[in-house]
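Colleague: predicted model, plus sequence, below.
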Amino acid sequence: MRTDRDIIIRTDEKLLHLTSLPYTVQRTSGFDTVSVKHNTSQGYGQDGATLLGSSVNTRSLRIEGQIYATTNESMEALRLQLLNMFKPKIDILITQEFGGVKKTIIARASKTPKIDFSEVSVIQNYSVELVAMTPYWEDYETNIVEIADVVGGLHFPLQTPTCFGIKRASMIAVVTNESTDEIGMVIRFIAHGIVSNPGLLNIYTQEYIKVNCIMADGEVITVTTGDKKTVVQRINGADNNYIGHIDLIGGGYTFLTLAPGDNTFRMMADAGESMLETQISYKNRYAGV
């Protein structure tokens with residue numbers, strides 16, 4: 001058992017440290033590798049094959065460990081706790097920390113836990129098999145890059161308390177994707193006054209995303225790219241589907257993604273640009289841990 005490795009299982013309601021007594025993890029598989037499918041074609045007499053495309057398969061994971069208890073009653077309670085953590089048809093967030101680095105993946109049980117009696121009555125062996133539909137591990141913490149945000153300034157106690165913010169001059173930010181492939185991101189447009197048609201431009205590819213609307217002070221528009229493409233307006237505490245406001249005219253429109261390496265973006269607006277704050281948040285993806 002590796003005592004410097006921490007594996008935590010979390011559902012919407014519960015959390016369980018599998019590497020903390022009375023549970024232990026003896027071995028894992030599928031944490032470090034995932035299979036890749038290459039689609040090819042081969043013509044008559046052709047040496048080798050022509051690559052048509054590649055895709056990463058779902059990730060199969062297996063965890064094997066032991067349960068320690070001093071009485072039959074406590075052992076049964078621990079067994080039930082483990083079974084309840086790996087119920088069928090629920091998402092399970094697996095977090096691994098090793099060497100001070102945390103990564104997460106979402107999986108579901110492909111087989112509910114198998115629990116065997118061992119030769120020592122106070123120890124029982126368990127194993128569980130899972131499958132991750134999205135096969136990549138992700139950063140535990142979300143990376144956030146802010147563009148032209150308003151920072152705190154002076155506060156004067158006039159007839160009503162008045163706060164003056166300071167607008168950062170840079171409208172450009174570099175976002176570094178440490179993944180081996182392109183990933184999605186979350187773009188938040190935050191209005192600190194009246195803003196017309198906010199957007200984000202990739203300076204080098206000239207691709208952009210733009211939302212056709214007039215934003216009021218305090219309004220937030222959140223654009224999610226990648227696998228799940230959504231646009232949500234939040235104003236006065238209410239959320240509204242805003243995907244119909246995406247600007248489809250101009251030839252450069254796309255739900256922007258982050259290519260591996262450095263990505264340089266410029267925030268933009270047709271009017272009120274100095275009142276616009278833009279945030280980009282994302283998590284790097286990894287093929288293994």
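Modeller: Here it is on my side, so go on.
Colleague: who's in contact with stretch 175-184?
Modeller: Under the criterion C-beta atoms under 8 Å, 6 or more residues apart in numbering, residues 136, 145, 185, 224-228, 255, 257-265, 280, 282-287 lie in contact with stretch 175-184. Placement of C-beta: from N, CA and C, glycine included.
Colleague: got a list of what T224 touches?
Modeller: Contacts here follow C-beta under 8 Å, 6+ apart; on that basis T224 touches 184-187, 230-232.
Colleague: re the thing from before, write the PyMOL selection for whichever of the contacts of stretch 175-184 are buried.
Modeller: Taking 16 or more other C-beta atoms under 10 Å as the burial criterion, the selection of buried members of those in PyMOL is written as:
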select buried, resi 136+145+185+224+225+226+255+257+258+259+263+265+280+282+283+284+285+286+287
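Colleague: ok, back up a step: filter the contacts of T224 to the buried ones?
Modeller: By the neighbour-count criterion of 16+ other C-beta under 10 Å, the contacts of T224 include these buried positions: 184-187, 231.
Colleague: just the contacts of stretch 175-184: which are in strands?
Modeller: Secondary structure defined by DSSP state E assigns 145, 224, 261-265, 280, 282, 285-286 of the contacts of stretch 175-184 to strands.
Colleague: out of the residues you listed, show me where the pLDDT dips lowest.
Modeller: When the ones in strands among the contacts of stretch 175-184 are sorted by pLDDT, the bottom entry is Y286 at 87.
Colleague: one step back: using a markdown table, lay out the ones in strands among the contacts of stretch 175-184 together with distance to T104.
Modeller: Below are the ones in strands among the contacts of stretch 175-184 laid out as a markdown table (distance: C-beta to C-beta, whole Å):
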| residue | distance to T104 |
| --- | --- |
| V145 | 20 |
| T224 | 18 |
| G261 | 23 |
| D262 | 25 |
| N263 | 23 |
| T264 | 28 |
| F265 | 26 |
| I280 | 20 |
| Y282 | 14 |
| R285 | 11 |
| Y286 | 10 |
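Colleague: run through the strands of the stretch 1-150 of the chain in chain order.
Modeller: For the stretch 1-150 of the chain, the strands defined by DSSP state E, counting those that start in this stretch occupy 5-10, 15-17, 23-29, 36-41, 50-56, 59-68, 92-98, 101-117, 123-132, 137-139, 143-147, 150-151.
Colleague: gap between the spatially closest residue to F31 that is not a sequence neighbour and S118?
Modeller: Beyond its immediate neighbours in the sequence, the residue positioned closest to F31 (C-beta to C-beta, 6 or more residues apart in numbering) is V289, lying 5.5 Å away. Here V289 is placed at a distance of 28 Å from S118 (C-beta to C-beta, to the nearest Å).
Colleague: show me this protein divided up by domain.
Modeller: Here the domain assignment for the chain is 5-139, 143-286, based on automatic domain parsing.
Colleague: weakest of the ones you listed by average pLDDT?
Modeller: Within these, confidence is poorest for domain 143-286, with a mean of 84 (mean pLDDT).
Colleague: which residues in the stretch 151-289 of the chain form strands?
Modeller: Taking DSSP E, counting those that start in this stretch as the criterion, the stretch 151-289 of the chain carries its strands at 155-157, 161-163, 166-167, 172-177, 186-191, 195-202, 208-210, 214-215, 220-224, 230-235, 238-241, 261-271, 276-282, 285-286.
Colleague: out of those, which comes closest to R10?
Modeller: strand 285-286 (19.0 Å; C-beta to C-beta).
Colleague: before we move on, back to that, possible to save the buried ones among the contacts of T224 as a markdown table with distance to Y208?
Modeller: Formatted as a markdown table, those follow (distance: C-beta to C-beta, whole Å):
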| residue | distance to Y208 |
| --- | --- |
| G184 | 16 |
| M185 | 14 |
| V186 | 16 |
| I187 | 11 |
| V231 | 14 |
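Colleague: out of these, which one sits closest to G237?
Modeller: Once C-beta to C-beta is applied, the member of the buried ones among the contacts of T224 that ends up nearest G237 is V231, at 18.1 Å.
Colleague: so the closest one sits against H245, correct?
Modeller: Yes - with contacts defined as C-beta atoms under 8 Å, V231 counts as touching H245 at a distance of 6.8 Å.
Colleague: find the residues that touch each one of those two.
Modeller: When C-beta under 8 Å, 6+ apart defines a contact, the residues bordering V231 and H245 alike are V211.
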